[in-house]
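[1] predicted coordinates and the sequence they were generated for:
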Amino acid sequence: MAHQDKIMIQGLRQNNLKNISLEIPKEKIVVFTGVSGSGKSSIVFDTIAAESQRQMNETYSAWIRGRLPKYEKPKVDKIENLSASVIVDQSRLGGNARSTVGTISDMYASLRLLFSRIGEPYVGTASYFSFNDPNGMCPECSGIGKVMTVDVESRLDPEKTWNEGMADLPAFHPGNWYWKQYAEAAIFPLDKKWKDFTQTERNRLLYGADNPGGQRLSKKVEGVSNYLNKMLINRDTSNLKEASVKRLMTLVSERECPCCHGKRLNEKTLSCKVAGYNINELCEMEFSRLVEVLKTIHDPRAATIVDTLVSSLTRMIDIGLPYLSMNRESSTLSGGEAQRLKLVRYMGSSLTGLTYIFDEPSTGMHPRDVYRMTNLLKDLRDRGNTVLVVEHDRDVISIADEVIDVGPLAGRDGGEILFQGSYEALLSSGTLTGNAMKQKQTIRENPRIPKEFLPIRGACVHNLKNVSVDIPLGVLTVVTGVAGSGKSSLIRDVFAKQYADRVILVDQSPITATGRSTPATFLGFFDAIRKEMGAQCHTDPAIFSFNSKGACPVCGGRGVIVTELVFMDPVVTQCESCGGRRYSREALSYTYRGKTIEEILALPAKEAFEFFAGCPKIQKYLRALITVGLGYLSLGQPTSTLSGGERQRLKLAKYLDEKGNIYVLDEPTTGLHGADVRRIMALLESIVDKGNTVIVIEHNTDVMKQADYIIDIGPDGGSSGGQVVFTGTVREMLENSDGITAEYLRKDK
């Protein structure tokens with residue numbers, strides 16, 4: 001292989017990497033393996049992706065560079081032969097209320113073009129079919145499909161008069177300025193109870209006029225309802241306290257637009273049809289149905305557009321997303337769905353010679369769909385691209401042209417290249433990954449017997465078809481089914497809400513909106529550390545908090561300075577005073593057992609456990625972190641930087657010693673190495689043994705095999721799902737079920 005056919009890396013010391021050198025073949029599928037925290041992401045994302053993006057950005061003008069994200073130069077002696085990289089990660093597809101699967105995938109643009117070209121009756125150009133354009137949007141909701149309403153009447157006491165304080169709203173309490181304006185205008189009776197008001201009197205109080213939208217009777221009175229709409233819907237909250245806004249926002253509710261009924265478009269646009277359907281009806285269809293309809297269109301004027309749409313939709317279906325529709329809001333997609341949607345978008349690209357970087361593309365995928373996704377990875381490679389994948393799933397690792405195993409363990413015990421070669425050679429390499437790939441999980445032969453059941457009756461959320469099922473207590477239950485079958489709808493949206501007082505949802509959602517949360521603050525042992533240090537150093541424990549007395553006076557304990565720019569994104573720079581350390585000089589002048597508070601927060605949980613020997617209160621929490629497989633996390637790492645799987649395990653650490661609870665976990669093996677999957681399963685077993693119930697939504701066959709009880713939802717995804725296909729033990733499933741999950745479980749025996 002010629003020299004330039006490889007990415008050459010020399011002397012890489014990024015994060016925990018131990019001065020490694022590496023040659024990565026180009027135009028191949030290269031999979032990086034190793035336990036969580038071993039250094040895989042440091043090589044792939046923090047080095048190759050970051051340096052590629054950084055060098056690409058340097059080719060742009062200064063004005064454009066100012067608008068692009070900043071990438072730090074990785075700690076490496078030399079990198080050669082990088083090509084432009086495309087990162088296909090699991091970050092959620094954000095976007096606002098106007099962002100849908102159709103707009104994000106560009107398929108909606110093609111559909112609009114189709115309607116403008118062959119739609120009957122002719123309405124206008126493609127812009128007339130956009131709910132983001134004044135020509136196409138519903139005038140009532142401005143193309144959002146929903147309207148916000150304020151429930152004013154719930155704050156008007158029917159038994160009180162205006163003078164007695166009828167309106168329980170901050171601005172309208174007796175004696176307040178607004179209250180006085182209304183009292184002085186006297187356009188409605190001030191000593192009459194609300195329940196006795198006539199309709200005209202009610203309108204005058206609510207709208208300042210005899211009818212809603214009518215002529216105002218007094219300049220001083222805009223009406224309580226109009227006032228709240230201005231404050232809460234149009235968000236002119238500048239003169240209200242934050243607490244008041246929070247309290248008032250409980251009055252705001254979202255409902256379907258009464259004009260377009262959620263269709264987002266105006267009547268004229270919706271009158272135009274193709275193949276007997278208007279554009280909204282096509283956007284509501286699941287992709288599998290939409291393809292069938294598009295294939296019936298044989299108008300030569302639309303041939304190219306139809307071909308483009310059909311090929312895009314076919315890729316969506318092939319990757320296991322047949323149940324999505326174009327109208328699905330992008331913010332409601334899971335991380336795995338978002339990643340697959342991005343992947344399909346790139347599959348339509350005619351660029352070659354790129355480096356595509358994937359972060360665990362099998363996440364959230366049923367084994368049935370993983371092979372479809374691996375076919376797309378092969379397709380990308382065959383078009384002359386380099387495909388780098390960080391992955392734990394055996395089915396993905398096995399298609400690699402080359403596997404690079406990083407380890408041996410996590411954090412400071414990782415950061416070395418243990419193996420590089422073929423998948424077959426990995427199996428006999430003796431590494432933790434090689435051994436985990438070889439091991440086969442056996443099926444549980446003596447399952448626990450459920451003590452009792454909690455019933456769900458007639459569940460119809462999303463695609464669930466009037467589902468009734470009994471959820472067992474006191475055992476480990478695994479809920480399975482292909483993506484989109486209705487597993488999460490049944491367990492998260494129905495069961496967890498119905499039994500909200502008993503269920504603890506341990507999911508992968510972000511832990512807090514602020515950047516100040518860390519494992520130490522989240523689990524609550526930071527207080528104990530500060531007290532311990534305060535006692536030893538004979539000072540106020542608050543000096544060791546970067547949210548309190550110990551904060552750097554310049555950045556307020558943030559570690560960064562945020563400069564707000566009026567027309568541009570804010571600029572974030574490291575605080576020069578503390579160098580990003582968050583603490584004041586005084587706080588860092590104290591040491592405990594030879595370490596400052598900053599150095600203590602930088603300790604991984606595993607090392608901190610030994611450091612705090614003799615402090616059982618602190619060690620209890622550190623033991624929990626180690627037990628859930630997060631021994632490599634430092635105590636002060638911002639929780640906002642954790643992966644979904646890490647966040648879930650951190651939440652689990654909080655509940656380890658409790659009894660009598662029902663825990664619901666959504667794909668707890670996400671981001672876990674094969675060796676760690678066994679550890680987390682042993683942990684869940686111990687939680688059940690303590691007298692708890694554990695319900696796991698999962699695709700991993702190794703997890704299914706260890707279940708006491710399985711509930712399989714299907715038979716497929718979307719409209720083809722939403723039914724209970726099987727309930728019972730694993731052994732019964734293998735013997736009696738003909739569902740997709742049972743088929744893959746038999747293959748994996």
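    Yep, that arrived.

[2] now the strands for the stretch 401-550 of the chain?
    Under the criterion DSSP state E, counting those that start in this stretch, the stretch 401-550 of the chain contains strands at 402-407, 416-421, 453-459, 467-472, 476-480, 503-506.

[3] I'd say residue 707 and residue 476 touch.
    Yes - at 5.7 Å, residue 707 counts as touching residue 476 under the criterion of CB atoms under 8 Å. No exception for glycine: its C-beta is placed from N, CA and C like everyone else's.

[4] common neighbours of those two, please.
    Residues within reach of residue 707 and of residue 476 at once, by CB atoms under 8 Å, 6 or more residues apart in numbering, are residue 696.

[5] ok so, going back, let me have the strands of the stretch 401-550 of the chain in a markdown table, extended by mean neighbour count.
    Shown next, in a markdown table, are the strands of the stretch 401-550 of the chain (neighbours: other CB atoms under 10 Å):
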| stretch | mean neighbour count |
| --- | --- |
| strand 402-407 | 24 |
| strand 416-421 | 18 |
| strand 453-459 | 14 |
| strand 467-472 | 18 |
| strand 476-480 | 26 |
| strand 503-506 | 19 |
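
[6] need those strands in a markdown table with mean pLDDT and distance to residue 731, can you?
    Listed next are those as a markdown table, based on pLDDT from 0 to 100; distance: least, CB to CB, whole Å:
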| stretch | mean pLDDT | distance to residue 731 |
| --- | --- | --- |
| strand 402-407 | 97 | 34 |
| strand 416-421 | 98 | 36 |
| strand 453-459 | 97 | 20 |
| strand 467-472 | 98 | 16 |
| strand 476-480 | 98 | 14 |
| strand 503-506 | 94 | 28 |
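
[7] ok, which of these comes nearest residue 748?
    Taking CB to CB, strand 476-480 is the member of these nearest to residue 748, at 12.6 Å.

[8] partners of that closest one in the sheet?
    Applying DSSP bridges, strand 476-480 is found paired with strand 693-697 (parallel), strand 709-714 (parallel).

[9] ok, back up a step: would you mind giving the strands of the stretch 401-550 of the chain as TSV with distance to residue 434 added?
    Output for these, formatted as TSV (distance: least, CB to CB, whole Å):
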stretch	distance to residue 434
strand 402-407	7
strand 416-421	7
strand 453-459	42
strand 467-472	37
strand 476-480	27
strand 503-506	31
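
[10] ok, which of those strands comes nearest residue 666?
    strand 503-506 (7.9 Å).

[11] so which of the strands of the stretch 401-550 of the chain comes closest to residue 292?
    With CB to CB as the criterion, residue 292 lies closest to strand 467-472 of the strands of the stretch 401-550 of the chain, at 26.8 Å.

[12] could you report the distance from the nearest residue to residue 212 once chain neighbours are set aside to residue 187?
    Among residues not flanking residue 212 along the chain, residue 203 sits closest, at 6.4 Å (CB to CB, 6 or more residues apart in numbering). Distance, residue 203 to residue 187, by CB to CB, to the nearest Å: 10 Å.

[13] more crowded one of the two?
    Set residue 203 next to residue 187 and count neighbours by other CB atoms under 10 Å: residue 203 wins out with 21 against 18.

[14] Three-state assignment for the closest residue to residue 660 other than its chain neighbours, please.
    Of all residues beyond its chain neighbours, the one nearest residue 660 is residue 691 (5.7 Å), with distances taken as CB to CB, 6+ apart. Following DSSP: H, G, I helix; E, B strand; the rest coil, residue 691 is assigned to coil.

[15] output the below-cut-off pLDDT ranges for the chain.
    1-3, 92, 94-96, 234-246, 513-515, 564-570 (pLDDT under 70).

[16] farthest residue from the center of it?
    residue 191 (53.1 Å; CA atoms, centre = their mean).

[17] tell me the contacts of that one?
    By CB under 8 Å, 6+ apart, residue 191 lies in contact with 161, 162, 163.

[18] three-state assignment of it?
    Following three-state DSSP, residue 191 is assigned to coil.

[19] quick revisit: now that the residue nearest to residue 212 has come up, it's in contact with residue 209, right?
    Yes - counting by CB under 8 Å, residue 209 is a contact partner of residue 203 at 6.3 Å.

[20] re the thing from before, list residues touching both of residue 203 and residue 187?
    Contacts common to residue 203 and residue 187, judged by CB under 8 Å, 6+ apart, are absent.

[21] distance between the ends of stretch 509-524?
    19 Å (CA to CA, to the nearest Å).

[22] got the contact list for residue 626?
    605, 606, 609.

[23] most neighbours, which of those?
    Sorting the contacts of residue 626 by how many neighbours each has (other CB under 10 Å) puts residue 605 first, at 25 neighbours.

[24] phi, psi for that one please.
    Phi and psi for residue 605, reported as degrees, to the nearest 10, are phi -50, psi -40.

[25] any idea how far it is from residue 523?
    Taking CB to CB as the measure, residue 605 falls 10 Å from residue 523.

[26] for residue 457, same thing?
    According to CB to CB, residue 457 and residue 523 sit 38 Å apart.

[27] next one: residue 258
    Distance of residue 258 to residue 523, given as CB to CB: 48 Å.

[28] between the two, who's got more neighbours?
    Set residue 258 next to residue 523 and count neighbours by other CB under 10 Å: residue 523 wins out with 19 against 11.
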